[in-house]
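1. coordinates for the following, if possible.
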Amino acid sequence: MDEGQALSLAEGMEVGGDVLAVTLLPPKGPDHTVEILTAKPPDEWAAHLALLESWLGSPIPKPMVEEVEPAEWMKFQECETKHMRFGRLLVGLGGLNPAGRHRSLRVVLTSYTAFGTGEHPTTDLCLRALDRLSRTGYRPSRVLDMGCGSGLLALASRRLWPRAKIMACDNDREAVRVSTIHAKRNGSQPYVEMVYGDGYHARQVKRAAPHDVILANILARPLTKMARHLRVQLAPGGYVILSGILAEQEKRILSAHRMQGLYLVRRLARGPWRALVLRRKNGRHKNDP
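-> From the prediction side, this is the model:
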């Protein structure tokens, strides 16, 4: 399937329930592959896939199914140790020890049942945008990672701004569980609050507002729908880093957020993917409550 179909399929699967992780794998030529980790057997997904085919307007290729035991999945992933650098941030997948000369800028991930390891372009762009923002000397008091997945962006924020209060929120219990594991692994659990809830409507998220930095690496459709709620909880003068955006979706995302009094500060690109750094104007907005 092409990239647009793959992205729509990934988005549709995420709202299907009982999905632990959805990943768009690197393309092989014109074909794109969606990898889905789920607790449901394939026959229980038949009806959901049929609905998705109708929504996409084109047939979905027959899925290739492989049963993986949880322990085997974790063991396999932890054997693949990778080091990736994003500016001053060093992300280790698997066996990288966070101790060392530059410990304050290292993040270690050991669990892979949630999105966000730094390998996908959208996460890569977010991490680079975070690093660049920190280099400007900006010092936020509160940072929110909305749709936190693995918790990587929240933990990276903790490394860059150790005095800030960091919150990570997701509507997927597995993501919150994995984020908590990663916070413990990085010695950040006391400093990063993990929240399971309905996005900006979550009680803890509302209570912690206004946030000086909001990170949202999700998909274009929810980013557009959540623009107003984002602005309400973003401090005047605060920054937003948005990702999970394809080039052809950028204008729509920008328009939705400009209507809320935000303006574009920086655009980052990697292949067809975009990350946008926006800032809220100082003072009250006409739509503020």
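
2. in the stretch 51-200 of the chain, which spans are strands?
-> 82-86, 89-93, 106-109, 142-146, 165-170, 192-196 (DSSP state E, counting those that start in this stretch).

3. partners of the last one in the sheet?
-> Each strand that pairs with strand 192-196, with its direction, by DSSP bridges: strand 165-170 (parallel).

4. swap in the fourth one?
-> Each strand paired with strand 142-146, and its direction, by DSSP bridges: strand 165-170 (parallel), strand 211-217 (parallel).

5. between the ones you listed, which one is closest to residue 265.
-> Nearest to residue 265 among the strands paired with strand 142-146 is strand 211-217 (12.1 Å), distances taken as Cβ to Cβ. C-betas here are computed from N, CA, C, even on glycine.

6. residue 263: which of the strands paired with strand 142-146 is closest?
-> Judged by Cβ to Cβ, the one of the strands paired with strand 142-146 that comes nearest to residue 263 is strand 211-217, at 14.9 Å.

7. quick one: contacts of the closest one?
-> If you take Cβ atoms under 8 Å, 6 or more residues apart in numbering as the criterion, strand 211-217 is touched by 116, 122-123, 126, 130, 133, 140-147, 149, 153-154, 157, 164, 167, 223, 226, 230, 233-235, 237-244, 275.

8. of those residues, buried ones?
-> Using 16 or more other Cβ atoms under 10 Å as the burial test, those include 116, 122-123, 126, 130, 133, 140, 142-147, 149, 153-154, 157, 164, 167, 223, 226, 230, 233-235, 238-244, 275 as buried.

9. can you list the weak-confidence ranges in the stretch 101-250 of the chain?
-> Scanning the stretch 101-250 of the chain for pLDDT under 70 picks out the ranges 101-120.

10. tell me where it has helices.
-> 121-135, 152-160, 173-185, 203-208, 220-225, 227-233, 250-258 (DSSP state H, counting those that start in this stretch).

11. pick the most buried one from those helices.
-> helix 152-160 (a mean of 27; mean count of other Cβ atoms under 10 Å).

12. sorry, back to before: in JSON lines: the strands paired with strand 142-146, plus distance to residue 59.
-> Conversion of the strands paired with strand 142-146 to JSON lines gives the following (distance: least, Cβ to Cβ, whole Å):
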{"stretch": "strand 165-170", "distance to residue 59": "31"}
{"stretch": "strand 211-217", "distance to residue 59": "30"}
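
13. quick one, which of those strands gets closest to residue 192.
-> Nearest of those to residue 192, taken as Cβ to Cβ: strand 165-170 at 4.5 Å.

14. OK, contacts around residue 280?
-> 231, 234-240, 260-262.

15. okay, and the beta partners of it?
-> Assessed by DSSP bridges, residue 280 has beta-bridge partners residue 262.

16. circling back: redo the contacts of residue 280 as CSV? Include distance to residue 268.
-> Listed next are these as CSV, based on distance: Cβ to Cβ, whole Å:
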residue, distance to residue 268
231, 21
234, 20
235, 23
236, 24
237, 21
238, 19
239, 13
240, 13
260, 21
261, 22
262, 16
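
17. residue 169: neighbour count?
-> By other Cβ atoms under 10 Å, the residues close to residue 169 number 25.

18. bridging residues for it?
-> So, taking DSSP bridges as the rule, residue 169 has residue 146, residue 195 as bridge partners.

19. that one against residue 202, yeah?
-> Yes: assessed by Cβ atoms under 8 Å, residue 169 is found in contact with residue 202 at 5.8 Å.

20. what is in contact with these two at once?
-> With Cβ under 8 Å, 6+ apart, residue 169 and residue 202 have common neighbours 195-196.

21. hang on, the earlier thing: nearest to residue 195, out of the helices of the stretch 101-250 of the chain?
-> Per Cβ to Cβ, nearest to residue 195 of the helices of the stretch 101-250 of the chain: helix 203-208, 4.7 Å.

22. who's in contact with that closest one?
-> Residues from elsewhere that reach helix 203-208, judged by Cβ under 8 Å, 6+ apart: 142, 144, 146, 165, 167, 169, 193, 195, 197, 199-200, 233.

23. try it again at 7 Å.
-> Helix 203-208 is touched from outside by 142, 144, 167, 169, 193, 195, 197, 233, with contacts defined as Cβ atoms under 7 Å, 6 or more residues apart in numbering.

24. just give me the closest of the residues you listed to residue 271.
-> Of these, the one sitting nearest to residue 271 (Cβ to Cβ) turns out to be residue 144, at 27.3 Å.

25. show me the contacts for residue 142.
-> Per Cβ under 7 Å, 6+ apart, neighbours of residue 142: 164-165, 208, 211-212.

26. quick one: the residues you listed as CSV, columns for distance to residue 176 too.
-> Output for the contacts of residue 142, formatted as CSV (distance: Cβ to Cβ, whole Å):
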residue, distance to residue 176
164, 20
165, 18
208, 16
211, 18
212, 23
